[in-house]
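Asker: model this:
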Amino acid sequence: MGKRTRSVELIGTLLVVTAAFVQWAVLLEQTWAVIWAWYKFYGYGGGGHITVGKDTQLLFYMLSSLTAFIGLIISRLPNNDATSCIQKRLSRIGSFALVTGMLFWTTILMSPLVVFR
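Answerer: Below you'll find the predicted structure:
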């Protein structure tokens, strides 16, 4: 495998893993906001929910899907050495975390705790 291919694989792996960490940080923060809004304002004239934008959610799903797909492609490349094997496993774990995060966020969005604008 050439140096260029290895560097592209490394950059892709770092992208997928970083995206998974950032996604989960945002998801946990938003979940906390939903729980707090429900606890603090439920029953007070329409409170107890958070407002999210439709376009933002569409962008979230598109970018998360694209990043998970890149991770899946990297994880399916042939193994050449131990470093490559570790990168592929990290890529697969990052892709799984991204897909799991999307499913988790979908359940939050389907609940009555979220209002779209």
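
Asker: only C-alpha atoms for contact and neighbour calcs from this point on.
Answerer: OK.

Asker: Quick check: the gap between the nearest residue to residue 95 once chain neighbours are set aside and residue 86.
Answerer: With Cα to Cα, 6 or more residues apart in numbering as the criterion, residue 95 has its nearest non-adjacent residue at 4.4 Å, and that residue is residue 68. Here the criterion is Cα to Cα, to the nearest Å. By it, residue 68 lies 17 Å from residue 86.

Asker: if we can go back for a sec, for the residue nearest to residue 95, give me the pLDDT.
Answerer: Per-residue pLDDT puts residue 68 at 96.

Asker: Kindly report the same for the one 3 residues further on.
Answerer: At residue 71, the model reports a pLDDT of 94.

Asker: tell me the helices in this protein, going along the chain?
Answerer: In the chain, the segments counted as helices under DSSP state H are 3-41, 54-75, 82-110.

Asker: Quick one: closest of the ones you listed to residue 116.
Answerer: Closest approach to residue 116 among the helices of the chain (Cα to Cα): helix 54-75, 6.1 Å.
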